[in-house]
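**Student:** Test case, fold it:
(4 chains)
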There are 2 protein chains.
Amino acid sequence: MDATPVWLRERRTGVGRPAERSRAEVTAAAIALADREGLAAVSMRRVAAELGTGAASLYRYVDSRDDLLDLMTDEVAAGYQLPAPDGPWLPQLLEVCRQGRSLMLRHGWLPELVLTRSALGPHGTDLLEHVLAVLAGHPADAGRKLEAFGVMSTLTAALALNELSGGSGARQRQGAYLAHVVAAGRHTHLTAALTGGPLVPAPLFDDTLSRVLVGLLGE
Amino acid sequence: MDATPVWLRERRTGVGRPAERSRAEVTAAAIALADREGLAAVSMRRVAAELGTGAASLYRYVDSRDDLLDLMTDEVAAGYQLPAPDGPWLPQLLEVCRQGRSLMLRHGWLPELVLTRSALGPHGTDLLEHVLAVLAGHPADAGRKLEAFGVMSTLTAALALNELSGGSGARQRQGAYLAHVVAAGRHTHLTAALTGGPLVPAPLFDDTLSRVLVGLLGE
DNA sequence: GGTGTTCGCGAACACTGTTTTCGAATGAGT
DNA sequence: ACTCATTCGAAAACAGTGTTCGCGAACACC
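**Tutor:** Down below sits the predicted model:
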């Protein structure tokens, strides 16, 4: 029944044998491993091996693998560069989305974590604070602004995930089945959409998110 | 190098010993198990036990666990009731979203699958066909309509996931940390948003998706 | 009957997250 | 300098996981 999240469970009383590593080191090792071999490769044993230690040792720094995943997510969120809010809100939020996309393309495992687990750590709350600051003069109520933040994150992650799976075999399989569906004859609208003109006229990241945000918050 | 998806890899001819079960039966057992104990409980051994058979037998019906997950997703998508397209597009798309939400609340494991794996099976393509049919008279180009379909699915799943995690301990932990952040003093905008008025003024599912879709596709 | 082919599935392999356990290391108190 | 509570490191064990192999059994057709 320990309801306290990872972020405020720091140790260090100064007494006893000092730790040989830090939570930040463990997190960095996990991120490096995930960058190199994907999220599935991030097992306690492999992360420990990355640090030249035993798997059980990691539990001195982290309560569970899920905790480690949350730490990874928040650590990457430290990469956002957030200038002081100034001027119209839309371009500033788009800039946040662009940075998010860039971070997610650099760390291909991030979208999955952002989409399925929504824990906000220190850097995540900094990001949220920045978005709210950008929207400070906006007439929408607080609930709507928080919702906009969620939609921003979700859509950015989903679009990044799409881009990332573009080269892999997943697309090929999907394409193979869609080709079969088209050949089957039914699904006339799907066929028309897939055979007319350029199939994917470049995913306009900015345009999409801009339209969605304006729809949500107003001009 | 087998690039053919699950959907078009159907049973062989009538030669040899006949199978005792069907792919649909396996899928149904997996869904029942997931409904009862969550997605994590859907292991090959547990699904097999549900059917009173051995784990290895499942591989006669499915190439991998991931295949089984795709089958589960598409099977649930059979639950959509899609009337003939008629009238303005927005209410019809909202109806699709409402049904999606309902299906996802009934099957709490669905959002995660929809968000992280985007494979479209037979029923998924039927759904896409329906959405495209609803939008047949709409001036947007095909790429934008496909994008709208993706955004609809993603947002519906993300909102459903939010609703589902409302009662669990995840919310409590998140709240605990946010309370700590508010107490810390910095993050003035976050504090204002969290302490002013009703915290979550009822997640207006329809309103949110309606705004987003109108923003994306135009009035 | 034979034969070709498929099915069911016990056993095994290589993993996984996590707990237990205990020796070793340390800083504080005396 | 010596104790000693306290903390750390990590091997071993536990209870699982997805997947493959191999083999006997069951059927359709000739």
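
**Student:** so what's whichever residue of chain A sits closest to chain B up against?
**Tutor:** The minimum distance from chain A to chain B, using Cβ to the nearest Cβ, falls at residue A:215 (1.8 Å). From N, CA and C alone the C-beta is placed, and that goes for glycine too. Residue A:215 sits next to B:211, B:212, B:213, B:214, B:215, B:216 when contact means Cβ atoms under 8 Å, 6 or more residues apart in numbering or on different chains.

**Student:** let's go with 6 Å and repeat that
**Tutor:** Residue A:215 makes contacts with B:211, B:212, B:214, B:215, as judged by Cβ atoms under 6 Å, 6 or more residues apart in numbering or on different chains.

**Student:** Give me the pLDDT for it.
**Tutor:** Predicted confidence (pLDDT) at residue A:215: the value is 96.

**Student:** just residue A:52 next, same as before
**Tutor:** Value for residue A:52, per-residue pLDDT: 95.

**Student:** how near is it to DNA strand C?
**Tutor:** Distance, residue A:52 to DNA strand C, by Cβ to the nearest atom of the strand, to the nearest Å: 16 Å.

**Student:** before we move on, the earlier item: excluding chain neighbours, what is closest to the residue of chain A closest to chain B?
**Tutor:** Excluding its sequence neighbours, the residue lying closest to residue A:215 (Cβ to Cβ, 6 or more residues apart in numbering or on different chains) is residue B:215, at 1.8 Å.

**Student:** ok, and does the one helix or strand residue A:159 maps to reach over to chain B?
**Tutor:** Using DSSP states H and E, residue A:159 sits in helix A:142-164. Yes. Remark: helix A:142-164 sits within contact range of chain B at A:142, A:143, A:154, A:158, by Cβ under 6 Å from any Cβ of the partner chain.

**Student:** what separates the second one from residue B:106, distance-wise?
**Tutor:** Summarising the geometry, the distance separating residue A:143 from residue B:106, computed by Cβ to Cβ, to the nearest Å, is 26 Å.

**Student:** same thing with the third one?
**Tutor:** The span separating residue A:154 from residue B:106 equals 21 Å under the rule Cβ to Cβ.

**Student:** which one of these two has more residues nearby?
**Tutor:** Neighbours per residue (other Cβ atoms under 10 Å in any protein chain shown) separate residue A:154 from residue B:106, with residue A:154 holding more: 23 against 12.

**Student:** can I assume that one is in contact with residue B:158?
**Tutor:** Yes. Contact criterion Cβ atoms under 6 Å: residue A:154 and residue B:158 qualify, at 4.5 Å.

**Student:** The least confident helix or strand in chain A by mean pLDDT vs chain B: in contact?
**Tutor:** Within chain A, confidence by mean pLDDT, DSSP states H and E is lowest for helix A:169-184 among all helices and strands, at a mean of 89. Yes. For helix A:169-184 and chain B, the contact criterion (Cβ under 6 Å from any Cβ) is met by A:172, A:173, A:176, A:177, A:180, A:181.

**Student:** can you give me the offset of that helix from its chain's centre?
**Tutor:** Mean-position distance between helix A:169-184 and its chain equals 28 Å (Cα atoms, centre = their mean, to the nearest Å).

**Student:** Using neighbour counts, pick out the buried residues of it.
**Tutor:** A:173, A:177, A:178, A:181, A:182 (16 or more other Cβ atoms under 10 Å in any protein chain shown).

**Student:** Could you do stretch A:91-111 as well?
**Tutor:** For stretch A:91-111, by 16+ other Cβ under 10 Å, it's A:92-97, A:99-101, A:103-104, A:107-111.
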